[in-house]
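**Q** how does the following fold in three dimensions:
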Amino acid sequence: MLTHPTLDLLHSLGLHGMAKGFKDRDAQSEARSLEHAEWLALLLEHEKALRQQKRFESRARAAKLRHAACVEDVDYRAIRGLDRALFLKLAAGDWIRARHNLLVTGPCGVGKSRLACALGNKACRDDFSVAYHRVPRLFAALALGRVDGRYTKMLRAIARLDLLILDDWGPEPLDADQRRDLLEIVEDRYNPARLRHQPAARRSLVRNHRKPHHRRRVLDRLVHNAYRIELKGERKQKQAAQDQPVF
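**A** Next up is the predicted model:
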């Protein structure tokens, strides 16, 4: 079998997953008994898996999630008040496809950010476009965008996301510019007619603090079609094993 020329050809065509699968299978004696169609199916599966992994890695880099959290690692015993059935339903991602919202509320330190990032990670794996923003830093970036002319472009990029995660949205009062920024973001995602060449509005995942119903004009746009996770309990202690956090 002309192994090396075949590998070179696959790589030249950009079929790196198939090339790896070909190399792995060719080294296995039992693979020689496979039919041509079976060989081809296996190589295509390798190519599909590699492309999915690359898309996930690209989505995850762009999302800039605060925590490297996964839905599979959630400890339902460690977070009081977390509805396991609801969270698993949210992890499936149908609420994003349906363009619904999610409000996560609760006291500081009970894992709101990690849960949001876990759902964001799963959304990246499901090939959704995701972005995580801490609200104070987002406001600061938009303020700078107003000065250097990038403001409209930044809002347009946010509006195109499948999933927007707003974190550290505390009870502090917003100034006039911040209120306008937040309303623009929510309106773009609530009203698709505002966006040209945008077939349908996306929805936001919002992480809140202790007062889920303040800023009524904004939340009215979110609450009517939102799932809600209301966490309870005392502030969690830092985990001893930082490389394997339990949340």
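**Q** any weak-confidence spans in this protein?
**A** Judged by pLDDT under 70, the chain has its weakly predicted residues at 1-3, 26-27, 29-32, 79, 171, 191-221, 234-247.
**Q** can you give me the helices in it?
**A** 3-12, 16-26, 36-63, 84-91, 94-97, 112-125, 135-148, 151-159, 176-190, 216-223 (DSSP state H).
**Q** surely Tyr151 and Gly145 touch.
**A** Yes - counting by CB atoms under 8 Å, Tyr151 does reach Gly145; the two are 3.9 Å apart. Heads up, the C-betas are built off the backbone N, CA and C, glycines and all.
**Q** hmm, back to that, any chance of the helices of the chain in TSV, with mean neighbour count and distance to Ala78 too?
**A** Shown next, in TSV, are these (neighbours: other CB atoms under 10 Å; distance: least, CB to CB, whole Å):
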stretch	mean neighbour count	distance to Ala78
helix 3-12	13	46
helix 16-26	19	38
helix 36-63	14	24
helix 84-91	14	12
helix 94-97	16	24
helix 112-125	24	10
helix 135-148	14	26
helix 151-159	15	32
helix 176-190	18	32
helix 216-223	16	27
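**Q** and the ones you listed: which comes nearest Cys70?
**A** Among the helices of the chain, helix 112-125 comes nearest to Cys70, with 5.6 Å by CB to CB.
**Q** and that closest one, what does it pack against?
**A** Applying 3 or more CB pairs under 8 Å, 6 or more residues apart in numbering; DSSP states H and E, one finds that helix 112-125 makes contact with helix 36-63, helix 84-91, strand 101-105, strand 130-134, strand 163-169, strand 203-208.
**Q** go through the ones you listed and name the closest to Val223.
**A** That would be, of the helices and strands packed on helix 112-125 and by CB to CB, strand 101-105, which comes in at 7.0 Å.
**Q** what pairs with that closest one, parallel or antiparallel?
**A** Partner strands and pairing direction for strand 101-105 (DSSP bridges) are strand 203-208 (parallel), strand 226-230 (parallel).
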